[in-house]
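Asks: What would the 3D arrangement of this be:
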Amino acid sequence: MNDYLIKATSYKGMVRAYAVRSTSTVEEARRRQDSWATTTAALGRTITITVMMGAMLKGNDSLTTKVEGGGPIGAIVADANAKGEVRGYVTNPHVDFDLNEKGKLDVARAVGTTGNLSVVKDLGLKDYFTGQVPIVSGEISEDFTYYFANSEQVPSAVGAGVLVNPDHSVLASGGFIVQVMPGADDDVISRLEERINSFPPISSLVKEGKTPEEILERLFGEEEMTIHEKMPIEFRCKCSKERLEQAIKGLGNEEIQKMINEDHGAEASCHFCNEKYYFTEDELEALLRT
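Replies: Sure, this is the predicted structure:
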């Protein structure tokens with residue numbers, strides 16, 4: 001089954017929702033990062049939520065999320081656009097722990113609980129929109145729930161989960177974001193909270209083969225649901241040799257000449273996809289500003 005997400009509304013338009021199956025997308029990120037189980041869960045949750053946030057945008061808009069909880073994995077960075085394209089990386093991918101007291105991957109220990117979650121949106125305007133909140137649990141989903149409520153003032157429930165195989169590959173990954181629109185009455189909110197609180201782990205539903213549609217149908221129960229859009233998602237990196245050429249140019253002639261004299265060339269790699277790019281002495285000479 002290919003990865004995709006859906007956009008839907010329920011409760012007569014008073015609630016909007018997003019749900020996604022992200023197994024292959026997260027596996028591609030894991031493969032490129034060579035991340036271990038606990039780190040994969042943290043990175044996968046962040047990528048899953050970020051791609052749904054990207055789906056909230058329009059046109060060529062994009063966003064970047066950054067989770068810095070002070071834990072041993074360091075920073076998690078992901079970015080996405082309105083087309084379902086997402087990528088992500090983690091500073092220290094080789095971090096893993098025994099299962100926590102609940103028998104689950106100890107994501108909070110890996111992420112840490114003393115730091116910030118930030119979201120930067122490029123909406124095609126002169127200035128970027130930036131929101132930042134403190135990490136509240138390190139479990140990722142709760143941190144994004146807190147972000148929506150406090151930075152964007154949108155009451156939301158965010159759920160994301162990743163199941164990992166013994167060989168560290170991704171068995172199942174998915175998520176949902178449910179948001180209450182202005183004007184929703186207290187009865188709607190109460191009923192929705194009750195269903196969310198009793199909802200099973202979303203990664204288990206994905207493992208069982210449940211589609212994003214079936215996940216939201218289970219969440220909304222007998223409430224009528226309208227699906228507005230279905231879109232494929234994928235891990236896609238924006239890096240290229242041309243982009244790195246511009247980055248090298250930005251270092252200035254002195255630094256480029258140093259690469260030529262000392263290293264007789266240059267090698268650069270992308271944080272997100274770990275693709276390596278090589279520059280010969282002649283290529284570096286061509287980048288020198290005259």
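Asks: now Val164: how far from Val107?
Replies: Separation of Val164 from Val107 (CB to CB, to the nearest Å) stands at 11 Å. To be clear about C-beta, it is placed using only N, CA and C from the backbone, and glycine gets the same treatment.
Asks: any residues in contact with both of these two?
Replies: Counting by CB atoms under 8 Å, 6 or more residues apart in numbering, the contacts common to Val164 and Val107 are Ala41.
Asks: Show me how the record splits this structure into domains.
Replies: Domain assignment for the chain, taken from automatic domain parsing, gives 4-235, 241-287.
Asks: what's the most buried one of those?
Replies: Comparing those by mean neighbour count (mean count of other CB atoms under 10 Å), domain 4-235 ranks first with a mean of 19.
Asks: got JSON lines for the domains of the chain, with mean pLDDT too?
Replies: Formatted as JSON lines, the domains of the chain follow (pLDDT from 0 to 100):
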{"stretch": "domain 4-235", "mean pLDDT": "94"}
{"stretch": "domain 241-287", "mean pLDDT": "87"}
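Asks: Who does Arg87 form a beta bridge with?
Replies: Beta-bridge partners for Arg87, by DSSP bridges, are Asp79.
Asks: these two touch, right, it and Lys238?
Replies: Yes - contact criterion CB atoms under 8 Å: Arg87 and Lys238 qualify, at 7.4 Å.
Asks: give me the element Glu101 is part of.
Replies: Element membership for Glu101 (DSSP states H and E) is empty, with no helix or strand holding it.
Asks: biggest helix in the protein by residues?
Replies: helix 37-54 (DSSP state H).
Asks: How far off centre is that helix?
Replies: 4 Å (CA atoms, centre = their mean, to the nearest Å).
Asks: next one: stretch 21-35
Replies: The answer for stretch 21-35 is 11 Å, by CA atoms, centre = their mean.
Asks: same check, this time on stretch 66-78
Replies: Relative to its chain's centre, stretch 66-78 lies at 12 Å (CA atoms, centre = their mean).
Asks: Give me the contacts around it.
Replies: By CB under 8 Å, 6+ apart, stretch 66-78 touches 38-39, 42-43, 46-47, 50, 64-65, 86-93, 95, 108-120, 135, 138, 140, 143, 271-272.
Asks: That one spans what distance, first to last residue?
Replies: 7 Å (CA to CA, to the nearest Å).
Asks: Partner strands of the biggest strand by length in the chain and their direction?
Replies: Secondary structure assigned by DSSP state E gives strand 170-180 as the longest strand of the chain. In the sheet, strand 170-180 lines up against strand 15-21 (antiparallel), strand 156-164 (antiparallel) (DSSP bridges).
Asks: which residues does Thr211 contact?
Replies: Contacts of Thr211 by CB under 8 Å, 6+ apart are 1, 21.
Asks: Tell me where the stretch 51-200 of the chain has helices.
Replies: 107-111, 141-151, 186-197 (DSSP state H, counting those that start in this stretch).
Asks: measure the closest residue in space to Ile215 that isn't next to it in sequence to Met1 for me?
Replies: Ranked by CB to CB, 6 or more residues apart in numbering and with sequence neighbours excluded, the top spatial neighbour of Ile215 is Ala19, at 4.9 Å. Counting by CB to CB, the gap from Ala19 to Met1 is 14 Å.
Asks: Excluding residues flanking it in the chain, which one is nearest the most centrally placed residue in the chain?
Replies: The centre of the chain sits closest to Ile47, judged by CA atoms, centre = their mean, with a distance of 2.0 Å. Computed as CB to CB, 6+ apart, the closest residue to Ile47 that is not its neighbour in sequence is Gly88, at 4.4 Å.
Asks: for Val51, same thing?
Replies: Val86 (4.1 Å).
Asks: I'd guessed that neighbour sits against Thr65; true?
Replies: No - checked against CB under 8 Å, the pair Val86 and Thr65 is beyond contact range at 10.0 Å.
Asks: Now for the two: what residues contact both?
Replies: 50, 78-79.
Asks: between these, which is closest to Ile260?
Replies: Asp79 (32.5 Å; CB to CB).
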